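Peer 1: missing the sequence, but the structure's below:
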DNA sequence: ACTGGCACTCTCGCCTTCTGAGTGCTAATT
DNA sequence: AATTAGCACTCAGAAGGCGAGAGTGCCAGT
């Protein structure tokens, strides 16, 4: 059956009201709004049909209507109006984006904090796993049994590790080791680092003490860490304010699900190159999220990194507002992190160029 | 009034029962245990006196008794028996301690996860803030407008930062800069890095482009980060399983308190050099924790670092079990991290030496 | 095609009642 | 003097009953 223009209006009104109040909405309420000039009886009929069509649901025979996932889907796809942020909100986000940029994980947790405090929902920050390679390798000789291994990856992050040895080495050996690694370990992916490669490297620099394998282990670890991706959840407590999570068991279920970051890494469905992605209730694969919705935005963090910032809430979520806020944050991050000539660390430049001045992006 | 031996026994029994059931305990229950050969009437009388003395409380006139904070205090101080871990528990902890050691923050979050999964309470991991100094400084020249700054701190951690420049520098300049920093910035605390010091360094290496201040900013940031300390909360969702936090408002209050890490840094009271510290209900300064208890253990992470691992729960907490578990974890960590000759990165050695074989430490 | 009206349904909040665990006290027992 | 048995009393919490109110569906009238 076709869904008439009027039905759409009514559905929108119902969803808006339900999002605002969290209570089943009745025909009278909608009529009272005055948006449509119809009596409650007419609206009742329309609502009955919307229910039959699967866009609305009835908790029990004599209660108002509640949107079904299908209804929400229609709503986010074409009904809801794209919200603009208020000046204050935009300003607040800009302020926070001016935070000094740092290590990736620190960045993620800061972004998560920002998103969750702005949206008032728990936020998850993901670093999209990317198979990186080592693009540069150094060993810094500290003293006779200590050196620092430094690996710069193709995604422009740098990792290091302090290595203490239970025996002593001469500086020459450390230098030889570094140059061997720079020749043989640069530009290859983690699975290419085989025992035989390590062995030949060992021979190449005349190492008899297993030094090579220690350094190789660091290289492997580092690459693995980059590949693994990471997930951070922030502001989990916001969830408890939502009426649908007042039941401690429900809250517990979802919170403990969120706290196992492994789950989250599979979150973003592979395709979807949209700016914003919404997963409503049962659209989530994880059964723990069947009653919840997730809104996801992507951003580019530097040349070879993509980050994802998402928000979790009840299906009755302020999709429009959350989407607008996330979109704005993601755009700001992309702009900030993508800037080639205003690098992290150059605070003076940053502050000047950081402000995102277009208040909203083009429409779809 | 003196507290008789018998009263202590009864108090212990009441607290043990209350910890197990979370329900007010009555005289009959205690009598039924058979530990003391007394009738319920006698126990009733004793309990009445214990109440008068302030060790027990009565939720309402005709209910069982509940331990007061004062009661718990006596309990943890002298009544509770020092629990031994079961072999399985000890083994589980040993297993997890074998985790590959990594960056400090990663370590903290891993330790937190371990503690919270073992104790089934939310855990907080704190890095005790320590004023560190730079002990070594390097700059790695990558290309004409990129280099990596590496600072090794007195607490044996290494920090780095990739610095992109909006202009180009020659390698010689970078080398000069590094040696100037190694001469002037090593061994001094953060507040000694003044603008005038930076200025003279700038002159010393003939830098006209503000390079020096960028590198100095990195140095300051790094030192600040070390000084600040850090707090990570893990396993917050466990809290929701405790009956005393079934009220979502209470749960929300405490969870949002915990999520603001700044609060937590002040947690451990300065003194107390005990291995384990217990803060019961109102003994906590923060009003959000007035109904909760905190158990804290300290461990030594390397030469100049101390870490703290704590657990938060209701006042009705399994103090004995939690203390034993934390003590064991902390001892394991101290042993593991303190080992001078089995360094991080030397997996082969680690695995062999890591197992903590004394199953329990000496008594106090 | 819409609306007013009406009978009907069902949840929720409120009140009452009832039950049972637990107490405090007294008198009997050791 | 200490312990115990017995008993009357208290009170929170569960169970049941009741009414109000919000909402529905449907029909007849505009």
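Peer 2: Alright, I've got the coordinates. Because the structure is predicted, anything quoted here is derived from the model rather than measured.

Peer 1: Let's see the pLDDT reported for the residue nearest in space to the middle of chain A.
Peer 2: Geometric centre of chain A, nearest residue: residue A:309, 2.3 Å, by Cα atoms, centre = their mean. Note for residue A:309: predicted pLDDT of 91.

Peer 1: Can you give me the neighbour number for the residue of chain A found nearest DNA strand D?
Peer 2: Evaluated by Cβ to the nearest atom of the strand, chain A has residue A:26 as its residue closest to DNA strand D, separated by 2.8 Å. Yep, even glycine has a C-beta here, placed from its N, CA and C like the rest. Residue A:26 is flanked by 19 other residues according to other Cβ atoms under 10 Å in any protein chain shown.

Peer 1: what number of residues lie near the residue nearest to it when sequence neighbours are not counted?
Peer 2: Setting aside the residues directly before and after it, residue A:26 is nearest to residue A:64 in space (Cβ to Cβ, 6 or more residues apart in numbering or on different chains), at 3.9 Å. As a burial measure, residue A:64 scores 20 neighbours (other Cβ under 10 Å).

Peer 1: From DNA strand C, how far off is residue A:64?
Peer 2: Going from residue A:64 to DNA strand C by Cβ to the nearest atom of the strand, to the nearest Å gives 11 Å.

Peer 1: Settle this for me: that residue is touching residue A:23, isn't it.
Peer 2: Yes - the pair residue A:64 / residue A:23 is scored as a contact, 7.2 Å apart, by Cβ atoms under 8 Å.

Peer 1: How about the residues of the stretch 51-200 of chain A by DNA strand D?
Peer 2: Among all residues of the stretch 51-200 of chain A, those adjacent to DNA strand D (criterion: Cβ under 7 Å from any atom of the strand) are A:51, A:58, A:61-65.

Peer 1: out of those residues, who has the most neighbours?
Peer 2: residue A:65 (27 neighbours).

Peer 1: how far does stretch A:185-195 sit from the chain's center?
Peer 2: Computed by Cα atoms, centre = their mean, to the nearest Å, the chain-centroid distance of stretch A:185-195 equals 29 Å.

Peer 1: For that stretch, which residues meet the burial criterion?
Peer 2: A:185-186, A:190, A:193 (16 or more other Cβ atoms under 10 Å in any protein chain shown).

Peer 1: now the spatially closest residue to residue A:275 that is not a sequence neighbour: how far from residue A:309?
Peer 2: Of all residues not flanking residue A:275 in the chain, residue A:327 sits nearest, at 6.0 Å (Cβ to Cβ, 6+ apart). Residue A:327 is 10 Å from residue A:309, where distance means Cβ to Cβ, to the nearest Å.

Peer 1: overlap in contacts of those two?
Peer 2: residue A:297 (Cβ atoms under 8 Å, 6 or more residues apart in numbering or on different chains).

Peer 1: any idea where the strands of chain A begin and end?
Peer 2: Along chain A, counting by DSSP state E, strands occupy A:56-57, A:66-67, A:123-127, A:134-143, A:146-153, A:158-164, A:230-234, A:276-279, A:292-300, A:306-314.

Peer 1: who wins for proximity to residue B:264 among those?
Peer 2: strand A:230-234 (15.2 Å; Cβ to Cβ).

Peer 1: Around residue A:38, how many other residues sit close by?
Peer 2: For residue A:38, using other Cβ under 10 Å, the count is 18.

Peer 1: from memory it sits against residue A:31, does it?
Peer 2: Yes - if you go by Cβ under 8 Å, residue A:38 and residue A:31 touch, sitting 6.3 Å apart.

Peer 1: so what's residue A:14 up against?
Peer 2: By Cβ under 8 Å, 6+ apart, the contact list for residue A:14 reads A:25, A:30, A:47, A:50, A:56, A:65, A:67, A:71.

Peer 1: Give me the subset of these that also touch chain B.
Peer 2: Checked against chain B using Cβ under 8 Å from any Cβ of the partner chain, those give no members in range.

Peer 1: hang on, the earlier thing: can you verify my assumption that the residue nearest to the centre of chain A contacts residue A:331?
Peer 2: No - taking contacts as Cβ under 8 Å, residue A:309 lies outside contact range of residue A:331: 11.3 Å.

Peer 1: which residues are common contacts for these two?
Peer 2: Common neighbours of residue A:309 and residue A:331 (Cβ under 8 Å, 6+ apart) are residue A:299.

Peer 1: Quick check: residue A:81 vs residue A:34, distance?
Peer 2: As judged by Cβ to Cβ, residue A:81 and residue A:34 stand 18 Å apart.

Peer 1: Repeat that for residue A:198.
Peer 2: Counting by Cβ to Cβ, the gap from residue A:198 to residue A:34 is 76 Å.

Peer 1: ok so, going back, what's the farthest-apart pair in the contacts of residue A:14?
Peer 2: Farthest apart among the contacts of residue A:14 by Cβ to Cβ are A:30 and A:71. That separation is 14.1 Å.

Peer 1: ok so, going back, what does the pLDDT read for the residue nearest to residue A:26?
Peer 2: Note for residue A:64: predicted pLDDT of 90.

Peer 1: tell me which parts of chain A are close to DNA strand C?
Peer 2: A:37-42, A:44-45, A:60-63.

Peer 1: Dump the residues you listed into JSON lines; add distance to residue A:148 as well.
Peer 2: Converted to JSON lines, the residues of chain A next to DNA strand C look like this (distance: Cβ to Cβ, whole Å):
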{"residue": "A:37", "distance to residue A:148": "75"}
{"residue": "A:38", "distance to residue A:148": "74"}
{"residue": "A:39", "distance to residue A:148": "77"}
{"residue": "A:40", "distance to residue A:148": "74"}
{"residue": "A:41", "distance to residue A:148": "78"}
{"residue": "A:42", "distance to residue A:148": "76"}
{"residue": "A:44", "distance to residue A:148": "74"}
{"residue": "A:45", "distance to residue A:148": "75"}
{"residue": "A:60", "distance to residue A:148": "67"}
{"residue": "A:61", "distance to residue A:148": "71"}
{"residue": "A:62", "distance to residue A:148": "72"}
{"residue": "A:63", "distance to residue A:148": "66"}
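
Peer 1: isn't the residue of chain A closest to DNA strand D right next to residue A:66, touching?
Peer 2: No - contact between residue A:26 and residue A:66 fails when scored by Cβ under 8 Å: they sit 10.9 Å apart.
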